[in-house]
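K.L.:
Need coordinates for the following:
(2 chains)
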Amino acid sequence: MNRMGAMTAKLGGLGYSHKFTPPLLITGILLAAHLSFGILESYPKLITAIVASFATELALHRLIVGTWRDLSSAYISGISVGILIRSPQLWPFALCAAISIASKYVLRFKDRHIWNPSNFGVVMMLLLAPQSVAVLSIQWGNNMWAMLIIWIVGSISIYRLRRFHICATYVISFLAFALVRSWISGDPYLAEVAPITGPMYQLFTFFMITDPKTTVKRKWGQYVVIVLVAFVEMILRLNEAVYAPFYALFIVGPLAMMLELWWDDRNHTEGKNEEAHVSDATVPS
Amino acid sequence: MGTNNNNKNIWLIAFFVVLLAAPFLISNYEKWSTTSEAEPDRQKALDQYGFYVEDVTREWGIDFVHQAPTLDEKLSHIMPQIASVGASVSVADFNNDGLQDFYVTNSARGTSNALYKNMGDGQFENVAEELGVGSVNSRETGVSMSSVWADYDNDGYEDLLVVKWGKPLLFHNDDGEGFTKVDIPEFPDWINSNTAVWFDYDNDGLLDLFMGGYFNERINLWELESTEIMPESFEYARNGGRKFLFHNQGDGNFEEVSEALGLVSSRWAYAAASADINGSGYPDLVIANDYGVDELFLNREGAGFVSAGTQAGMGFAPKSGMNVSFGDVMNSGRLAIYVTNISEPGVLIQGNNLWVPSSEDSGKTAFQNLAGSFGVELGGWSYGAQFGDLNLDGYLDLYVANGYVSAEKDTDYWYDFSKVAGGNKTIISNAENWPDMEGRSLSGYQKNRIWLNDGAGKFREVADAVGGSLELDSRAVSFADLNNDGNLEILVATQRGPLKVYRTVTREDKNWIGFRLEGAESNRSAIGARAEVVWDGKRQVQTVQSASGFSAQNQRPLHFGLGDADQVDRVILEWPSGTTDTLKHPEINKTHTVTETSSAQS
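P.N.:
As a prediction, this is how the structure comes out:
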């Protein structure tokens, strides 16, 4: 299909595509939180993150692949960075977004990118610039209903994308491991549960661990990987890592991806998924 | 084709490496560019920065050590973080002998506060017990958190208000020879307050009193009925203490008018200060709130207050506000507002706020946070701050106190703190849910900052180089010329630690001028009066204040550094009553006493 044909097909089918769900969902969460509590400390920071994300995506895709690409993925990365990064300065938002997007083009294994882009960007900023950067780790407000609505709407949306099992597995694992942590540390169970009631985890649960491009494709594998993420997070938490979930996904996610890709390659099992792999090889998301 | 791809990949990888290097380099630039001197060289400091400081606490006979309260045992697991304030210092010449004295607070039941009388011979003597303002910390009336001086009855002597987690105490100054406790029925029986401000909000010549609550006033921290006392959110909490505004009726009585005048907020007020922000002729009020946004209450000609923080650009980014100080940082004739917050690398980077007027129109109230551009953003877990010209170069410098809980070294409670701080209100608001601190530090052992203003929009950190490095858990900071040599001494009250006094030494070729203002039609303390000094093509504005910073008060006389200039062109004094006096070519290197009658007496 030539370019004109592809465009005609797109225009002809203006029906709703599931790929719009994540961008719409994250925009909805952002708007709800901002209108309720004014969580956006400044528009320039969010806009900087999104613009940097768009610019990097457009430039690198054009340079590497030779074509322009749609910006829905870059939008999610940009908006995630804009919400997650906390810094009084502007440059961390631009650099984190740019690093997130660039990681998709550079850090690849068997022609797939293996880190969730914003997860990679956020972890790099925490490691490289801790004097200037922190991550959203506080409540957007004190309204329990707002939190419940975000969880319910997010869950329904993710369910329609057939990835609710990932979120549910993670939440259940977190709550179970919180019990273990409470038992080991002697701290109140509610103190161990507290982090997951915050917005950082809403973004982490709905957008990072469910990213189709950086999660393994086998369903049973997804269960295993998510439990492993929660387990590594527990280990990191017991070692007092404030941003444990990001580090856990940063460690476990790519290893799982590489293992699966290696296994598939070794057993020549591309057959059924070849199309998707070829697509990914040429159009990084 | 293959070579082309290889080239692309090389460029891509190079681009990625540059991207990764950028945050590391930018983030560390300040650290690398700041020189840390192991042993400060005084002559070098004089040559390079124009001043040095030396710790004279012991030499001047000051031996005060703050003791923190021991609260209800249900809070024992997090006691250091709850009982983390109360060290304060406020300066006043209580006996009108021309020498600055100061009052420091203690916060454990049964302990005494201290009033250090300046003997004029380089020695200070604690006369608090003798004059009746020592033993004020008890089970019945609670313990001291700060104090603020002002002549509320216009008798010519500064009276003393002790701000408490308990019942506030007002002491009338009896001609500088003693103090008498004044019973004010309108005062609340209990308020958990850290800040109070004397200001004449209706310009009737009588000082009124603002008092801001921190913990809710229903809570007695020694006898808890419930452990649900904590903020309901780390940045959006509105379950703090209420605000009080006491209108001075002039007959020794006060009327509580906060609700009637629109001064309503239940945020966690930690510090407040007053100045005429919008040039209306009436003093406005700025409140730094912990767990929330900074608040600006604009005064509507004494008839009421309007919350204008959001419209002014200050009300968007909720942080952990601890301090309010005003300073004409650019010698532009307009006051910027400095509010301290929390910055802990890798955990929480709020950054301090320097609210600089962003509109050319002085009547329009709009601010922009330029702390980053000015280089005064990242302090630490910051508390008190003051502006003052430490090196007399004609630009206001900035001292910032840092450090929360310095307990066991190389331990850290931050992980547990952040775990619960991110929780829903049902979790965070209950002290029971907070993990045991187990003797761990929390943003402890942090250095205070001395930021030197270069006059061109940048501040430079020089604390180590000038001998002012201090790592105690500092709270209140005051500036006062204690030895009448024209330099501002630095007083730092530390939590569970000693009060520190630093003598300042400047280069001999630098000049200064001071003004001790006395109101006639205006309140006698001249609180709210504005002085604009014009010299050598420069001008600087300062305002007479009561409370300034965090739990602190500077000396009443205004102090201006003049640099090398040997003459002041003029001084414009605008009094709260609306009258203006102008002094032409006042003599430099001395403090002038000026009364509102337009007659300047040197």
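
K.L.:
ok now do residue 205, which residues does it touch?
P.N.:
No chain in the question, so chain A it is. A:154, A:167, A:170, A:171 (CB atoms under 8 Å, 6 or more residues apart in numbering or on different chains). (C-beta placed from N, C-alpha, C; glycine too.)

K.L.:
My question was about chain B, not that one.
P.N.:
B:154, B:519, B:521, B:522, B:523, B:576, B:577.

K.L.:
ok, and which of those residues reach chain A?
P.N.:
Contacts with chain A within the contacts of residue B:205, counted by CB under 8 Å from any CB of the partner chain: none were found.

K.L.:
Quick check, residue B:180 in contact with residue B:169.
P.N.:
No - between residue B:180 and residue B:169 there is no contact under CB atoms under 8 Å: 11.1 Å.

K.L.:
neighbour-wise, which of those two wins?
P.N.:
Counted by other CB atoms under 10 Å in any protein chain shown, residue B:180 and residue B:169 do not tie: residue B:169 has more neighbours, with 22 against 12.

K.L.:
From residue B:67, how far out is the residue of the stretch 151-285 of chain A found nearest chain B?
P.N.:
At 2.9 Å from chain B, residue A:194 is the closest residue in the stretch 151-285 of chain A, using CB to the nearest CB. In this view, residue A:194 and residue B:67 are 32 Å apart by CB to CB, to the nearest Å.

K.L.:
out of these two, which sits in the more crowded spot?
P.N.:
The neighbour count for residue A:194 versus residue B:67, taken as other CB under 10 Å, is higher for residue A:194 (26 against 20).

K.L.:
nearest residue to that one other than its sequence neighbours?
P.N.:
Excluding its sequence neighbours, the residue lying closest to residue A:194 (CB to CB, 6 or more residues apart in numbering or on different chains) is residue B:423, at 2.9 Å.

K.L.:
helix/strand/coil for the one you found?
P.N.:
For residue B:423, the assignment made with DSSP: H, G, I helix; E, B strand; the rest coil gives coil.

K.L.:
Next: residue B:384.
P.N.:
Residue B:384 - assigned by three-state DSSP - is strand.

K.L.:
Can you pull up the residues of the stretch 101-250 of chain B that come close to chain A?
P.N.:
Residues of the stretch 101-250 of chain B lying near chain A by CB under 8 Å from any CB: B:232, B:233, B:234, B:235, B:236, B:237, B:238.

K.L.:
how about whichever strand or helix holds residue A:183, does it reach chain B?
P.N.:
Assigned by DSSP states H and E, residue A:183 belongs to helix A:164-185. Yes - judged by CB under 8 Å from any CB, helix A:164-185 and chain B are in contact via residue A:185.

K.L.:
Following the chain onward from that helix, which element is next?
P.N.:
helix A:189-193.

K.L.:
any idea of the mean pLDDT in the helix or strand that that next one is followed by?
P.N.:
Of the helices and strands lying after helix A:189-193 in sequence (DSSP H and E), the nearest is helix A:199-203. Average pLDDT, helix A:199-203: 82.

K.L.:
any idea how far helix A:199-203 is from the chain center?
P.N.:
On the basis of CA atoms, centre = their mean, to the nearest Å, helix A:199-203 sits 10 Å off its chain's mean C-alpha point.

K.L.:
what about the residue of the stretch 51-200 of chain B found nearest chain A, distance to residue B:434?
P.N.:
Among all residues of the stretch 51-200 of chain B, residue B:77 sits closest to chain A, at 9.8 Å; criterion: CB to the nearest CB. From residue B:77 across to residue B:434, the span is 7 Å (CB to CB).

K.L.:
out of these two, which sits in the busier spot?
P.N.:
Ranked by neighbour count (other CB under 10 Å), residue B:77 and residue B:434 place residue B:434 first, with 28 against 18.

K.L.:
count of residues packed around the residue lying closest to the more buried one once chain neighbours are set aside?
P.N.:
Once flanking residues are discounted, residue B:434 sits nearest to residue B:78: 4.9 Å by CB to CB, 6+ apart. Other residues near residue B:78 number 24, with proximity taken as other CB under 10 Å.

K.L.:
quick one: residue B:78 and residue B:433 touch, right?
P.N.:
No - distance between residue B:78 and residue B:433: 10.2 Å, which falls outside the contact criterion (CB under 8 Å).

K.L.:
about what we covered before: closest one to residue B:294 out of the contacts of residue A:205, please.
P.N.:
Residue B:294 lies nearest to residue A:154 out of the contacts of residue A:205, by CB to CB, at 32.4 Å.

K.L.:
is it true that that closest one lies in a strand?
P.N.:
No - Residue A:154 sits outside any strand when classified using three-state DSSP, being helix.

K.L.:
Verify the stated contact: it with residue A:206.
P.N.:
Yes - with contact defined as CB under 8 Å, residue A:154 counts as touching residue A:206 (4.6 Å).

K.L.:
overlap in contacts of these two?
P.N.:
Here residue A:154 and residue A:206 have A:25, A:29, A:167 as joint contacts, going by CB under 8 Å, 6+ apart.
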